[in-house]
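[1] Based on what follows, work out the 3D shape:
(one chain, ligands or ions: 1)
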Amino acid sequence: MSSMHVHVTGIGSYLPERTLTNADLEKIVDTTDSWIHERTGIRERHIIAEDQMTSDMAVEAARIALDDAGIGIDDIDALIVSTTTPDMVFPATATIVQAKLGGKDFPAWDTQAVCSGFVYGLAHADGMMRAGMFKRVLLIGAEAMSRIVNWKDRGTCVLFGDGAGAVVLEAREEEGGVLGSVLHADGSYRDLLKAHHPHPGASPDAVDFSIDAAGVAAVEMKGNEVFRVAVTKLGEVVGEILAHCHIDEDQIDWLVPHQANIRIIQATAKKLGMDMKRVSTTVRDHGNTSSASIPLALDALYREGKLQSGQHILLEAFAGGFAWGANILRWSK
Ligand code: UT7
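    Take a look at the predicted model:
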C-alpha cells in the first residue's frame, strides 16, 4: 500500500430548522415523552422542510466543510454521498449535490449501507485515496428519514430525524488521519429492519411526503431483536478495530457512535471502559439520522472545540442489513 494517509481537513453539518419534540409526537401516536426518553434518550429531532430534498441538506453541510478546509468545489476530485433517502432512484444524489455546488467532471456516486453508510463511505474513500485515485474527496452523510417512516407506527416513527454532515478528506504523506476500518454485513438479518419501495425516489408530485402521509416507504423494525444484535456486534467490532489498528482501549480519546439509542451507545462505551464524557451524544436532540449521525456527532465535538490534534477517535455504526463497522481516526486538524 502507498505511504499516503487520509486526513479530515474540513467538516460541516446541517440540521433543518423545524423540530419535532416528544410532546409533538404525543399528539400523533400513542406515546409519551417519558417512554421515548427512557427507552431511547431522544427528546427531539429535526424534520426536513416540504420544499427541501436530501441533496439540499447535503449541499448546506458540504459548503461549511469546504469553507472549513479553505478550499472550493473545484479542488475536489470525487464526491460520495451516503444516503438511504436519495432524492430520486437515479441519478445518484451525489451528482445532484455536485451540480448544486457548481462542480464538474469529477466522479460522484452514492453509497448505501443505511445507518452504517458513513463508516462504509469513509472506508471506501480511504482505500481509493491510499491507492492513489484521488487527492481530495468530499464525503457526505445526508438523510431525510422523516420521508420514509410510517407516522402511524409508534415503534419506529419516534426514533428518526433528518440532517446532514460532511467531511473533506485529503491524502497526504504525513502520518495520521484514518488509521483503519473494519466492515461487516449479514443479510440473513435483512427482515428485522427494512423499508420497501416506493421510496422518496418517486416524484415529489406523485407522492405526499408530508409528515401526515403514512406508509410512503415505511420503515419496519423488530426493535428489540435489532437492539440485542446491535449491542453484541458493536461490542465485537470495537474490539476488532482496536486490534486492526494496534491501538489500546485507553488510547481512544473520543467515541463517536451512530446515534440510534442512548442505551446502545452506553453499552458500547462500557465495553470500551470509556466514561460517557468521552462519548459524543447527539441522539437527545437529533434522534437517529441514519448515516448523517456520525458526521453530525463528530462536527458537534469539533464545534465545541473538544478535538485536539493527535487524539484518537473511534467511529462505529450498526444498520439494517445488518451492516456494521468501525473506523479509527487520529485527528490532525
Ligand atoms: O439505526 C439502526 C439500528 N437501530 C437500532 O439500533 C434500534 C434498536 N432498537 C431500539 O432502540 C429499541 O428496541 C426500541 C427503542 C426501538 C424499542 O425499545 P424496547 O425497550 O426494545 O421496547 P420494545 O420494542 O420491546 O417494546 C416494549 C413496549 C411494547 O409494549 P408491550 O408489548 O410491552 O405492551 C411496545 O408496544 O413498548 C411499547 N412501545 C411504545 N410505547 C410507547 C413501542 N414503542 C412505543 C412508543 N411509546 N413509542
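[2] element containing the closest residue to residue 113 other than its chain neighbours?
    Residue nearest to residue 113 in three dimensions, not counting chain neighbours: residue 120, with 4.0 Å by C-beta to C-beta, 6 or more residues apart in numbering. For the C-beta atoms, the positions are set from N, CA and C on the backbone; glycine is no exception. Assignment of secondary structure by DSSP states H and E places residue 120 within helix 117-130.
[3] Briefly note if that helix comes near the ligand.
    No - under the criterion of C-beta under 6 Å from any ligand atom, the ligand is not reached by helix 117-130; the shortest gap measures 10.8 Å.
[4] so after that helix, what's the next helix or strand?
    Counting by DSSP H and E, the element that comes right after helix 117-130 along the chain is strand 136-144.
[5] so what strands line up beside that following strand?
    For strand 136-144, sheet partners with direction are given as strand 78-82 (parallel), strand 162-172 (antiparallel), following DSSP bridges.
[6] and these as a markdown table, adding distance to residue 280, mean pLDDT and mean neighbour count?
    Written out in a markdown table, the entries for these read as follows (distance: least, C-beta to C-beta, whole Å; pLDDT from 0 to 100; neighbours: other C-beta atoms under 10 Å):
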| stretch | distance to residue 280 | mean pLDDT | mean neighbour count |
| --- | --- | --- | --- |
| strand 78-82 | 18 | 98 | 28 |
| strand 162-172 | 12 | 98 | 28 |
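[7] Residue 88 is nearest to which of the ones you listed?
    strand 78-82 (12.3 Å; C-beta to C-beta).
[8] Show me which residues of the helix or strand following the closest one are buried.
    On the C-terminal side of strand 78-82, the closest following helix or strand by DSSP H and E is helix 93-100. Of the residues in helix 93-100, those scored as buried under the neighbour-count criterion (16 or more other C-beta atoms under 10 Å) are 93, 94, 95, 96, 97, 98, 100.
[9] Quick check: the gap between the third one and residue 108.
    Distance from residue 95 to residue 108, counting by C-beta to C-beta, to the nearest Å: 5 Å.
[10] Name the next helix or strand following the helix ranked longest in the chain along the chain.
    Longest among the helix segments of the chain by residue count, using DSSP state H, is helix 223-245. Later in the chain than helix 223-245, the nearest helix or strand by DSSP H and E is strand 252-257.
[11] Please state the mean pLDDT value computed over that following strand.
    Averaging the model's pLDDT scores along strand 252-257 yields 98.
[12] Which residue would be the closest one in the chain to the ligand?
    Of the chain, the residue with the smallest distance to the ligand, taken as C-beta to the nearest ligand atom, is residue 223 at 2.9 Å.
[13] Point out the residues in the stretch 101-250 of the chain that sit beside the ligand.
    For the stretch 101-250 of the chain, the residues in contact with the ligand (C-beta under 6 Å from any ligand atom) are 115, 154, 155, 158, 223, 224, 226, 227, 230.
[14] In the stretch 1-150 of the chain, where is pLDDT below threshold?
    Across the stretch 1-150 of the chain, the stretches falling below the confidence threshold (pLDDT under 70) are 1-2.
[15] Residue 321 contacts residue 188, correct?
    No - distance between residue 321 and residue 188: 9.8 Å, which falls outside the contact criterion (C-beta atoms under 8 Å).
[16] With neighbour numbers in mind, choose between those two.
    Between residue 321 and residue 188, counted using other C-beta atoms under 10 Å, the more crowded position is residue 321 (21 against 9).
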